[in-house]
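Trainee: Turn this into a model:
(one chain, ligands or ions: 1)
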Amino acid sequence: MSESSLRVVWVYPDLLSTYGDQGNALVVERRARQRRLSVSRIDVRSDQAVPTSGDIYLIGGGEDRPQRLAAERLRRDGGLSRAVGNGAIVFSVCAGYQILGHEFINDLGEREPGLGLLDVVSTRGDGERCVGDVLADIDPQLRLPQLTGFENHQGITHLGPTARPFARVHLGRGNGTGDGTEGAYNDTVFGTYMHGPVLARNPGIADLLLKLALDVNALPPADDRWYEALRAERIAAAQQPA
Ligand code: GLN
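Mentor: The predicted structure follows:
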């Protein structure tokens, strides 16, 4: 981590913040401040260079055309890939998740190269769009509570041999391959199909990002009552028959 302050970089809010993705940056900042950590946030628009000195990078979801533009600009810029090479932590959502993989299908129906920071390949599902509530068990190695969220994607993501599934679904489609996996991670790079401000429902993931950035095993406890109330409400709603 950089000496003075934890640096949270929110990548391309002008292209990839269609679904309230700023919430993830707000939650990471808040969870850091609750632990009296100094934190600064850098919002990087797509006409700006991605700084390589960040600690935690957040990249959100978006529609198909902005997703292609974001992939083109991130490939050309190279900053995010260099940051990961330096050990940065990345948390990506939906379109951002697909961009971090080797390739995805763009709005023109063509194979678009991603950044190859995750060992995944996304194709376009020919069935119904994956839309709805999700409940999933996060990889036990990460020691996190059940994942709750909402998905909305046409893409299907296949994991390569080095990617680990982030979670396994009880409810919902996740990666959409039918094998029950949801999201993926390679070392410090994470991807999920859980939409928008997923960290607001799952603050344990924000804490995981902070722990990785600080290289510590534990953080002082934070007040989780508000998050727990939201989680309980959403889990109950998700389990109700449609
Ligand atoms: N365009 C991608 C898909 O539909 C991602 C959509 C999203 O970010 N919600 O698969």
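
Trainee: What helix or strand is the one residue sitting closest to the centre of the chain located in?
Mentor: Closest to where the C-alpha atoms of the chain average out (C-alpha atoms, centre = their mean) is residue 92, at 2.6 Å. Assigned by DSSP states H and E, residue 92 belongs to strand 89-93.

Trainee: Packing partners of that strand?
Mentor: Here strand 89-93 touches strand 56-59, helix 79-85, helix 95-100, strand 189-192, helix 203-214, going by 3 or more C-beta pairs under 8 Å, 6 or more residues apart in numbering; DSSP states H and E. All C-beta spots, glycine's among them, are computed from the backbone N, C-alpha and C.

Trainee: so which of those comes closest to the ligand?
Mentor: Of all the helices and strands packed on strand 89-93, helix 95-100 sits nearest to the ligand, with 3.4 Å by C-beta to the nearest ligand atom.

Trainee: mean confidence for the helix or strand just after that closest one?
Mentor: On the C-terminal side of helix 95-100, the nearest following helix or strand under DSSP H and E is strand 103-105. Mean per-residue pLDDT for strand 103-105: 98.

Trainee: Check stretch 208-226 too.
Mentor: For stretch 208-226, mean pLDDT rounds to 94.

Trainee: List the contacts of it.
Mentor: Here stretch 208-226 makes contact (C-beta atoms under 8 Å, 6 or more residues apart in numbering) with 1, 6, 28, 31-32, 34-35, 37, 55-56, 89, 91, 142, 144, 188, 190, 203, 207.

Trainee: Just the buried subset of those residues, please.
Mentor: Among these, the ones that count as buried by 16 or more other C-beta atoms under 10 Å are 1, 6, 28, 31-32, 34, 37, 55-56, 89, 91, 144, 188, 190, 203, 207.

Trainee: Tell me which two in the residues you listed are the farthest apart.
Mentor: The two members of these with the most space between them (C-beta to C-beta) are 34 and 188, at 22.2 Å.
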